[in-house]
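1. predicted model and sequence follow; I will ask about them next.
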Amino acid sequence: MKVIDGKKIANKVKDEIAGKVQEMMKAGQPVPHLAAIIVGDDGAAKTYVDSICKACKEVGFFSSIYHYPAEIKEAEFLQNLDFLNNDDEIDGYIIQMPLPKHISMEKVVEHVNPKKDVDCFHPTNNGKLLLGGADFLPATPYGTVELMRRSGISPKGKHCVVLGRSNIVGKPLALLLAEKSDTGDATVTICHSRTQNLKEICATADILLVAIGQPEMITADYVKEGATVIDIGIHRIPDEKSEKGYRICGDVKYDEVAKKCEAITPVPGGVGPMTMTCLLLNTLHARELNRK
Ligand code: NDP
């Protein structure tokens, strides 16, 4: 059984990105600049944004944080997006979700300049994703297929079962796997909370990709002997045995499932590190797209 080391692969990708940044600097070109927007005072959002800035620094990108109060009016927030959309020195930006309820998510997403939309939220970029040839891919599905490619796991001709159909993970991941490409060419089944005979369908998967947000729900009886299991879920659950009082786990019950697998991603250290790295890859691409 092979444990897919997402951290190691993510570090390798980061080294490659850092190498490209060095080349840009030597050529006197501007380095990529990623901005992050936070509205309100959510601690988890701040921690995530800080970790993005740290990752940017590691590879030599500029980063900046735009922090607005939770009471900011929708119109004013959209005006601030205009500023970012028109600032030639910012290549891409992310908006930390969720936004306060009085700000329309739909209006915000449609307001983002598609060429700076490194989180791939804009309808134009989602349309391009459907048609093939997208400028940006949503970071988690991108990280998942890239992790598989770099681990020598080809979905070509295989039956991939994707658990979860969210707009940011399950649906785009299924599209990428079905795409005519070297990270696709799979036969794809999408499952969700209304799927009947879920266990039986999962047990037919050559590659089972799980993004359901249900801690350790996928037990060994969901998995075919010799399958590959990619666990995208990430949770912090109480654990009295741990000094911290909690432990991190995925949607898959790792210990019992791993015994049946040909390959599996651990949590933490699997898909997670690749997500952030793919945000950096999107930012690098945005820099190439916006400032030739
Ligand atoms: P969502 O809650 O948006 O979507 C969950 C999906 O799973 C839905 O389609 C839902 O079905 C389906 N689902 C929920 N319960 C069941 C069930 N019992 N049986 C079958 N299907 C079920 O979650 P996300 O897509 O945003 O995230 C999924 C997981 O991935 C989470 O654990 C999240 O923390 C993790 N994640 C990890 C990232 C990383 O970097 N590693 C990044 C982003 C997310 P329905 O549509 O019918 O409601």
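-> Received the coordinates, thanks.
2. got the contact list for residue 271?
-> By CB atoms under 8 Å, 6 or more residues apart in numbering, the contact set of residue 271 is 6, 140, 143-144, 147, 230-232, 265. For the C-beta atoms, the positions are set from N, CA and C on the backbone; glycine is no exception.
3. name the nearest residue to it, ignoring sequence neighbours.
-> Sequence neighbours aside, residue 232 is the residue nearest to residue 271 in space, at 5.0 Å (criterion: CB to CB, 6 or more residues apart in numbering).
4. any idea how far that neighbour is from residue 179?
-> Note on residue 232: its distance to residue 179, by CB to CB, to the nearest Å, is 18 Å.
5. quick check: closest non-adjacent residue to residue 219.
-> Residue 219's closest residue in space is residue 253 (CB to CB, 6+ apart), at 4.9 Å.
6. which residues of this protein lie near the ligand?
-> 140, 163-166, 168-170, 191-195, 198, 211-214, 232-234, 251, 271-272, 275 (CB under 6 Å from any ligand atom).
7. before we move on, back to that, the residue nearest to residue 271: neighbouring residues, count only.
-> Residue 232 has 29 neighbours, counted by other CB atoms under 10 Å.
8. for residue 18, see how far away the residue positioned nearest the centre of the chain is.
-> Using CA atoms, centre = their mean, the residue of the chain that lies closest to the mean C-alpha position is residue 140, 1.8 Å off. When CB to CB is applied, the distance between residue 140 and residue 18 equals 22 Å.
9. re the thing from before, okay, and which of the residues of the chain next to the ligand map to helices?
-> 140, 170, 198, 271-272, 275 (DSSP state H).
10. relative to the ligand, which of those residues is nearest.
-> Using CB to the nearest ligand atom, residue 275 is the member of these that lies nearest the ligand, at 3.3 Å.
11. so what's that closest one scoring on pLDDT?
-> Looking at residue 275, its pLDDT stands at 96.
12. my read is that it contacts residue 140, right?
-> Yes - with contact defined as CB atoms under 8 Å, residue 275 reaches residue 140; the gap is 4.8 Å.
13. okay, now the domains of the chain?
-> 29-113, 139-271 (automatic domain parsing).
14. may I see those arranged in a markdown table, with mean pLDDT and distance to residue 119 as well?
-> Shown next, in a markdown table, are the domains of the chain (pLDDT from 0 to 100; distance: least, CB to CB, whole Å):
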| stretch | mean pLDDT | distance to residue 119 |
| --- | --- | --- |
| domain 29-113 | 96 | 5 |
| domain 139-271 | 97 | 7 |
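15. for residue 126, which of the ones you listed is the nearest?
-> For the domains of the chain, the distance to residue 126 is smallest for domain 139-271, at 7.7 Å, taking CB to CB.
16. quick one: end-to-end distance for that closest one.
-> Start to finish, the residues bounding domain 139-271 are 10 Å apart (CA to CA, to the nearest Å).
17. so what's the gap between that domain and the chain middle?
-> Distance of domain 139-271 from its chain centroid, counting by CA atoms, centre = their mean, to the nearest Å, is 13 Å.
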